[in-house]
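[1] Sharing a sequence plus its predicted fold:
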Amino acid sequence: MERPTARREPEVGVPFDVILADLPGDLVADVDVSFSATGKAAYVVPAFQSGDGSVRARFAPPHEGRFDYATSSLEPLLDGIHGDLEARPYGGENQLYKHGRIRVASSGRTLEHGDGSPFLWIGDTWWMGLGTRLRWPDEFGLLLADRVDKGFSLVQIVAGPLPDFSATPEGIWHPQQANEAGWPWDKGWARLNPHFFDRADLRIAALVDAGIVPCIVGMWGYYLTVMGTDRVRRHWRNLVARYAAFPVVFCVAGEVNHPGPSDGGDPTDRSARQLEQVATWGRMIHEVRSLDPFQNPVTAHPAHPDARRCLIDPSGLDINMIQTSHWSFHAPSPDESREMTEELGLSRPIRLGFQGAVALTAEAVAEIPAMPVVNGEPSYEGIMGGNWQDVQRFLFWTGMLSGLAGFTYGADGIWQMASAREPFSSTVSRWGTSTWQEAMHYPGGRQVGLGRQILEQFKWWDLRPLDVPRASQANRLNPFAASTEDFALYYLPSGLLDDKLRGMRGLPIDVSTVRPSMARFIDPRTTRDYPIGPVEPDSDGVWRPPTPPSREDWLLVVESEPGRD
């Protein structure tokens, strides 16, 4: 797997390193590099210093032809360096380079590539995937190949201080926060460690080379009050310099509104830290956008409910990320829920479990103006000894048919990269004892990937959540259905669930918008079709579907029959 520096000829859209100079010491002053083509707007990228001392600018030519570049810096040795390069058309087969980086679609509801082809966010959670418990290159390559095979299109990965470590010297400088070259910052926050990021470069490039979009999370949110705003800015400048040329999504921080593991201190102080966080991370979104000439989408990961509502200034967001919690069939006790509500400073009681996930998704999707909504942290499979594949299917299908633009699966063992060789050593809490070697085979991961296969049978990007008249819904919370002009797709949850969560299972449905029609069941565990045949509605266009093949969850498709008027 090549590093960007190994690519000798610039190709359109592909990251390419321009080596500007070699320094005997640290890069002190910022260096900006302007790449320009005749008659086109300039692309100004921040430079970075590699571990070998070289100062580099990483650029992805947006089109073929000649580009001139020039540096600007307060450092005399690095100011006024000039050069040029010639970009040729991309000649490979990588879909991320053939179709272009990710952006918000014109509908404001989904994501697409630069050429307008749709992008379906099916993510996997590798928060700690840049560390040594997932060895480079063999173990990293093994897990990556598995996720590509299962159908994932994106990986969420932290390129900085990690979650589930206390914001104390014991946690910050814990050995499991490091990779083969040490911590992201030298101990004591004296300076960024370029050797750490040189190693990270290999892994980020490998994800993209495999057709996976990295969603790069800068750090966990509570480190802001430890590092200070200036170091956070320095950290993000380095990340943009190294990774903006790749087709990525930038996530400014994880759990931006969580003040960190409780230290038993003054609650007033924790509240003040939280306010500082949500204010600063909102401003940081704008700073990341201003640094990135390629305009990769920017988001933020919330503790609860969603990024748009927990930031003081969410105006810089491209994608609204939600976290629906790690509770599913059951919710925590009232006392525990009250503690979480107070800890996050929420204005109304926290809502967890399946009902909370359904409500939060619907509210986030309905916010105006429209913005793509992604569930960035649902219940992880295996966490706390539960949340297995049936939970994953429910959260995926109810979310996607309620208007989500994407869904990020998570598995206990993979998110923290607990290894059979080296268990995870959190300084905060242990959510489970699985290893990534075990968790990569969990059936829920395969079934979320199959969800992508099923959705891609249709024009999924045109789907709109279906509003079923309340009289037809009995006491149900949501129909879990979406439609276009050509088809309607219904998720029929398991008979195990409370009646409020059964969608349209057992109820008549209005099929007047897709008549004359054919229907079929799809098994979300296998993608296998079970034909039903012609739909025969009554005079009002209402049809009562047959009983599904079993009391498990199923998908029901009603679609216009080809060749019939």
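    Received the coordinates, thanks.
[2] and Lys500, what does it touch?
    By CB atoms under 8 Å, 6 or more residues apart in numbering, the contact list for Lys500 reads 355, 475-477. To be clear about C-beta, it is placed using only N, CA and C from the backbone, and glycine gets the same treatment.
[3] Need those residues in CSV (columns: neighbour count and secondary structure).
    Formatted as CSV, the contacts of Lys500 follow (neighbours: other CB atoms under 10 Å; DSSP: H, G, I helix; E, B strand; the rest coil):
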residue, neighbour count, secondary structure
Gln355, 15, helix
Asn475, 8, coil
Arg476, 20, coil
Leu477, 18, coil
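[4] so where's the stretch 451-565 of the chain uncertain?
    Residue ranges of the stretch 451-565 of the chain with pLDDT under 70: 468-474, 562-565.
[5] Distance of the nearest residue to Leu23 once chain neighbours are set aside relative to His195?
    Spatially, and ignoring its direct neighbours in sequence, Leu23 is nearest to Gly53 (5.3 Å; CB to CB, 6 or more residues apart in numbering). From Gly53 across to His195, the span is 11 Å (CB to CB, to the nearest Å).
[6] for Val217, same thing?
    From Val217 to His195 the distance is 20 Å (CB to CB).
[7] With neighbour numbers in mind, choose between these two.
    A direct count of neighbours by other CB atoms under 10 Å for Val217 and His195 places Val217 higher, at 27 against 16.
[8] hmm, back to that, how near is the residue nearest to Leu23 to Asp198?
    For Gly53, the distance to Asp198 - CB to CB - is 11 Å.
[9] what does Trp136 give?
    On the measure of CB to CB, Trp136 and Asp198 end up 12 Å apart.
[10] buried ones in stretch 208-227?
    Judged by neighbour count using 16 or more other CB atoms under 10 Å, the buried positions of stretch 208-227 are 208-210, 212-227.
[11] Select, from the contacts of Lys500, the two members most distant in space.
    Farthest-apart pair in the contacts of Lys500 is Gln355 and Asn475; separation 12.3 Å (CB to CB).
[12] And for stretch 181-199, what's in contact with it?
    Counting by CB under 8 Å, 6+ apart, 26, 48-51, 130, 136, 159-161, 173, 177-180, 227, 231, 234-235, 238, 242 sit against stretch 181-199.
[13] Buried ones only from those, please, as a ChimeraX command.
    Selecting only the buried entries of the contacts of stretch 181-199 in ChimeraX, with 16+ other CB under 10 Å as the criterion:
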select :48,49,50,130,136,159,160,161,173,177,178,179,227,231,234,235,238,242
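[14] Could you tell me which of the contacts of stretch 181-199 belong to helices?
    Members of the contacts of stretch 181-199 lying in helices (criterion: DSSP state H): 227, 231, 234-235, 238, 242.
[15] Quick check: neighbours of the lengthiest strand in the chain in the sheet, parallel or antiparallel?
    Longest strand of the chain, by residue count under DSSP state E: strand 65-73. According to DSSP bridges, strand 65-73 forms sheet pairs with strand 31-36 (antiparallel), strand 82-87 (antiparallel).
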